[in-house]
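1. Show me how the following folds:
(one chain, ligands or ions: 2)
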Amino acid sequence: MPTLDSLPVLLDDLGIEPLDLSPLATRRNPGSPVSPPLPPSEPTDEPDEHSSLDDLGEVDDLGELLPELAALEKSKRSESSRQEPSQSELFETDPPPWELAVQDDVMLASIVFARSPHGPYDYRIPDPLLEELKPGMRVAVPLGHRKKPTPGWCVAVKQGTALHRKLRDVTECLDDSPLCDSALVRLVMWMSHYYQVPAGQVFDTLIPASVRAGAGTKKTTYFTPAKDMSDAEIEKLPAKQQAAMRLLISSARAMTAAELAVGAKCTEDPIRRLKKKGAIVPEVRREMHSGIRILAQQNDGEVDRSHELTEQQSAALDRIQTAVDSGRGRTLLLHGVTGSGKTEVYIKAIEHVVSQAGSAIVMVPEISLTPQTRGRFESRFESVAVLHSQMSPSERHFHWQRIRRGEVQVVIGPRSAVFAPLPNLGLIVLDEEHDTSFKQDTQPRYHARKVAHARAMSLGVPLLLGSATPSMEAWHAAQTGHAELISMPNRVANRPMPDVQLVDLRVRDERGGGGAISRPLKQAVDDTLREGGQAILLLNRRGFATTIQCPACGHVVACPDCDMPLTHHRDGGKAMCHYCDYTIATPPWCPSCRFDGIRYGGLGTQKLEVETKAKFPNANIARMDSDTMKRPGSHQRVLSEFRSGEIDILLGTQMIAKGLDFPNVLLVGVINADSALHFPDFRAAERTFQLVTQVAGRTGRGDRGGRVIVQTFTPEHPAIQAASRHDYMQFVEDEMVNRRKFNYPPLGSVARIIIRGPVEDKTEAVADAILARLESARDLLQSEVRILGPAPPPIVRLRGKYRFHLLLQATEAAVVGETIRRALADFKTDPKDEVEFLIDIDPVNLL
Ligand SMILES: Nc1ncnc2c1ncn2[C@@H]1O[C@H](COP(=O)(O)OP(=O)(O)OP(=O)(O)O)[C@@H](O)[C@H]1O
Ligand SMILES: [Zn+2]
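-> Ligands and ions are numbered 1, 2, ... in the order given. Model prediction:
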């Protein structure tokens, strides 16, 4: 379902291979291991996984945590000892020194692959590549019986012994310089271990495909003078060649043939002759096209000026600057109510970082935040790179190179911005840290908060999490001393929080005469329009009607591949599956009994739009959901029309709930606060609280105050009660009690294994086999892991595949991770059944 939340961002849309767990893939690549794999990991001593406080726990040195990283460190150390063998080493060893020298010459590279077999495998580095090959580069190596060398990633260079002499050689280096520095290589190894994904696939996520492919670059040949040309020889050259030759020698840099021709006032022919004679030496370089079109960076027209900080902003800034100056990795949680001016604090903190020649990453939940956020940052910093999903590959590559060269002060983007290769990173900011879009829902299923934490801690820089509604994980971290809490309990300029009125939809009088807009909400919109104010209406379902059902036989029109009801979309008269995008023309009669009077039930934003237009005929109304926002730039357009006051009522899904800052919004209406409440997910209450609080926060941001009307069938629900009173503390207190009952995160750790396949009982059989393995791994480790399932998840079928899932749960993440690793490391399924399994560590989606 391509909601904006799940819009492919930065790296996800570039054809990254899905996890190659399918037995088919294994069969396709029968590569026999060509060299001994790295020593098996002993992941038990992993402080970062201690518990799900984990999420934010302090890690001082990643290198000590992971065996892979430790191995890397060790290889570095042995490398330096190789260069300067001490006397004692020479005398204490048995073989004569000259033999030792020979042994020492065997240098090895550890290579991982994106496709099965994944490695790591060791290869010998042949002499010509010794200088060149570094971790973070791509190489080509022989693998199994394949005819052509296979591309892989070098993760370590280390010293081998005589035993390694018979290993195969690295064939060639595919990059001139590493695509990621050693810190990022370590991050890859950590992610590979923690999320149980092959390191090669993590590399492919970390380095955008556009960068790997060199998008937007061209090859250019440059010439330098041959070193062995004597003056006498030059004298003998024909005049034009001589002129070109002298020009090149006097120039301090290499030149192209065209440049030489222009400079020496000749054609390119004499240059070709010089080349043929070997008088000038060609060198091919890859360069960005000069003509690459970089889309004008646009914002929505807001001009941002620096504000005099309020007292609480100054206090917050002080603490962040102290953290930056401390040079230590630490996590800060900025809990500031909506409209408390968190963005201004981020900007000032980054100004501090930039003043020390540092740079920063700011992650924002999704592109809906970008126009406004972007405007604020771009007007305050010289050089900002905004990464978003609508960039062309060459644009993406261009920014990536700028970032890597240290030309960018601030990188703003969605979750994948966490990998931005800034050379002097001084601060990572995760705005709206509670947002679920920070978790990637395809392989590798990483959470940007967790990865940002690992990266920040390994670099010794602060991670700043900001939210008006911090996730339970962040809050718990602050409570247990893993994060420092900074509170901003008041809005700027002493603005009050808006009044929230609950409308009980069970009461007929309140509901009004049919439709989704209750009597009190209708009244409030009328009042707002009369006062010249603007209103926001939130309904978290797109489409027109959410079910299409026959009143005669009860048949519900459903997706043949997912068994989920299709949603009717009025524009185009389509019925669509929101899970797989299956689309048909909406049937005019019942496909089952032919009764011609099929009913559209349930409410989506399109239907709300129709009702709103009917009820407020004089208002300008705009709808914002992923259906209307498909075209590039539509966000910007709608938001700037809203800012300028051309639009009176903005209605839409959760994408209008976050971050928007418009002073003239006097009213927010929540059409159905319960929509997220009854999801079979332990985070349902948290999501509801966050959504209602966030959307309520869009009003009262100017001098004219604001009010909120929340329609609900369960006004007594604690999450809705707490949201209506802006009472985050009450909410977390209640919710923590619920989580404690079952040791759900953040008090415990959860992992999910999804098993899917085309045949139901074959799929279930694999699920059962996995259960058996998990149970014996648990017994072997004597760990206290609770295993639930296998059971069909709420979405029983998806894209034609039957699904089962298992949930694992324990107090410590390391225990869950290790149980899965032990159980499934060598688990293979029968290729002909086409059953796959996916491991999701710290899942946020349980559907
Ligand atoms: N010190 C200040 N004095 C006056 N106005 C300020 C100050 N700091 C920020 N503002 C303004 O207050 C408004 C709210 O700030 P901002 O959008 O940063 O809030 P926020 O905390 O990020 O809110 P939310 O969580 O709702 O997105 C903005 O218009 C901003 O320009
Ligand atoms: Zn479907």
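
2. Under the pLDDT cut-off, which ranges of the protein? List them.
-> 1-104, 215-217, 286-304, 366-371, 632 (pLDDT under 70).

3. can you point me to the longest helix in this structure?
-> helix 760-781 (DSSP state H).

4. and that one, what does it pack onto?
-> Judged by 3 or more C-beta pairs under 8 Å, 6 or more residues apart in numbering; DSSP states H and E, helix 760-781 is in contact with strand 749-757, strand 786-791, strand 801-810, helix 813-824. C-beta here means a position set from N, CA and C on the backbone, and glycine is covered the same way.

5. So what touches the shortest one?
-> Meaning strand 786-791. Contact with strand 786-791 is made by 743, 755, 764, 767-768, 770-771, 774-775, 778, 804-810, as judged by C-beta atoms under 8 Å, 6 or more residues apart in numbering.

6. Which positions in this structure make contact with ligand 2?
-> 559, 561, 562, 577, 579, 580, 582 (C-beta under 5 Å from the ion).

7. OK, contacts around the second one?
-> Translated: residue 561. 577, 580, 582, 797, 798, 799, 800.

8. got a winner among the residues of the chain next to ligand 2 for most neighbours?
-> Counting neighbours by other C-beta atoms under 10 Å, residue 559 leads the residues of the chain next to ligand 2 with 24 neighbours.

9. how about the nearest residue to it, chain neighbours excluded?
-> Of all residues not flanking residue 559 in the chain, residue 577 sits nearest, at 3.7 Å (C-beta to C-beta, 6 or more residues apart in numbering).

10. For that neighbour, grab phi and psi.
-> phi -90, psi 120 (degrees, to the nearest 10).

11. Mind listing what's buried along the longest helix of the chain?
-> 762-767, 769-771, 773-774, 777-778 (16 or more other C-beta atoms under 10 Å).

12. Any idea how many residues pack against residue 665?
-> Neighbourhood size, residue 665 [other C-beta under 10 Å]: 23.

13. Hmm, it is touching residue 531, no?
-> No - Residue 665 is beyond contact range of residue 531, at 11.9 Å (criterion: C-beta atoms under 8 Å).

14. which residue sits closest to the most centrally placed residue in the chain, ignoring its sequence neighbours?
-> The chain has residue 415 as the residue nearest its centroid, 2.9 Å off, counting by C-alpha atoms, centre = their mean. Of all residues not flanking residue 415 in the chain, residue 448 sits nearest, at 3.7 Å (C-beta to C-beta, 6+ apart).

15. ok, now how distant is the one you found from ligand 2?
-> Noted for residue 448: a distance of 28 Å to ligand 2, by C-beta to the ion, to the nearest Å.

16. Pretty sure that residue sits against residue 435.
-> No - using C-beta under 8 Å, residue 448 is not in contact with residue 435, being 9.4 Å away.

17. Between the two ends of stretch 176-188, how far is it?
-> Terminal residues of stretch 176-188 are spaced 20 Å apart (C-alpha to C-alpha, to the nearest Å).

18. mind listing the strands in the stretch 201-350 of the chain by residue range?
-> Using DSSP state E, counting those that start in this stretch, the strands of the stretch 201-350 of the chain run over residues 217-225, 280-288, 331-336.

19. Pipe these into CSV and attach mean neighbour count and distance to residue 836 per row.
-> Compiled in CSV, the strands of the stretch 201-350 of the chain are given as follows (neighbours: other C-beta atoms under 10 Å; distance: least, C-beta to C-beta, whole Å):
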stretch, mean neighbour count, distance to residue 836
strand 217-225, 16, 36
strand 280-288, 13, 38
strand 331-336, 25, 35
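
20. Let me know the secondary structure of residue 455.
-> What DSSP: H, G, I helix; E, B strand; the rest coil gives for residue 455 is helix.

21. ok, the residue nearest to it when sequence neighbours are not counted - how many residues close by?
-> The spatial neighbour of residue 455 that comes closest, neighbours along the chain excluded (C-beta to C-beta, 6+ apart), is residue 187 at 5.5 Å. Residue 187: 23 surrounding residues under other C-beta under 10 Å.

22. What strand or helix carries residue 187?
-> Assigning secondary structure by DSSP states H and E places residue 187 in helix 182-195.

23. Quick check: buried residues in that helix?
-> Those would be 182-195, for helix 182-195 by 16+ other C-beta under 10 Å.

24. for stretch 784-798, same thing?
-> So for stretch 784-798, counting by 16+ other C-beta under 10 Å, buried means 785, 787, 789, 790, 792, 793, 795, 797, 798.

25. mind listing the strands in the stretch 501-650 of the chain by residue range?
-> Under DSSP E, counting those that start in this stretch, the stretch 501-650 of the chain gives strands at 534-538, 547-549, 567-569, 574-576, 583-585, 599-601, 621-624, 649-652.

26. helices or strands next to the last one in the packing?
-> Looking back up the chat, that one is strand 649-652. Packing contacts for strand 649-652, counted by 3+ C-beta pairs under 8 Å, 6+ apart, involve strand 534-538, helix 605-615, strand 621-624.

27. Does residue 542 touch residue 606 like I think?
-> Yes - contact criterion C-beta under 8 Å: residue 542 and residue 606 qualify, at 7.4 Å.

28. okay, now the domains of this protein?
-> Annotated domains of the chain cover 21-207, 217-288, 311-493, 495-542+604-742, 547-597, 749-841 [automatic domain parsing].

29. just the ones you listed: most buried one?
-> The highest mean neighbour count among the domains of the chain, using mean count of other C-beta atoms under 10 Å, belongs to domain 311-493: a mean of 22.

30. what about that one, start to end distance?
-> This stretch, domain 311-493, spans 11 Å end to end (C-alpha to C-alpha).

31. which ones are touching the residue of the stretch 701-847 of the chain at minimum distance from ligand 1?
-> Of all residues in the stretch 701-847 of the chain, residue 701 sits closest to ligand 1, at 6.0 Å by C-beta to the nearest ligand atom. Counting by C-beta under 8 Å, 6+ apart, residue 701 makes contact with 339, 491, 495, 661, 662, 663, 665.

32. Give me the distance between the last one and residue 339.
-> Counting by C-beta to C-beta, to the nearest Å, the separation of residue 665 from residue 339 is 11 Å.

33. likewise the fourth one?
-> Plainly put, residue 661 is 7 Å away from residue 339 if you go by C-beta to C-beta.

34. For residue 578, give me phi and psi.
-> Backbone torsions for residue 578, taken as degrees, to the nearest 10, come to phi -80, psi 0.

35. OK, contacts around it?
-> 1, 542, 543, 564, 567.

36. Quick check: which element contains residue 400?
-> Element membership for residue 400 (DSSP H and E) is helix 393-404.
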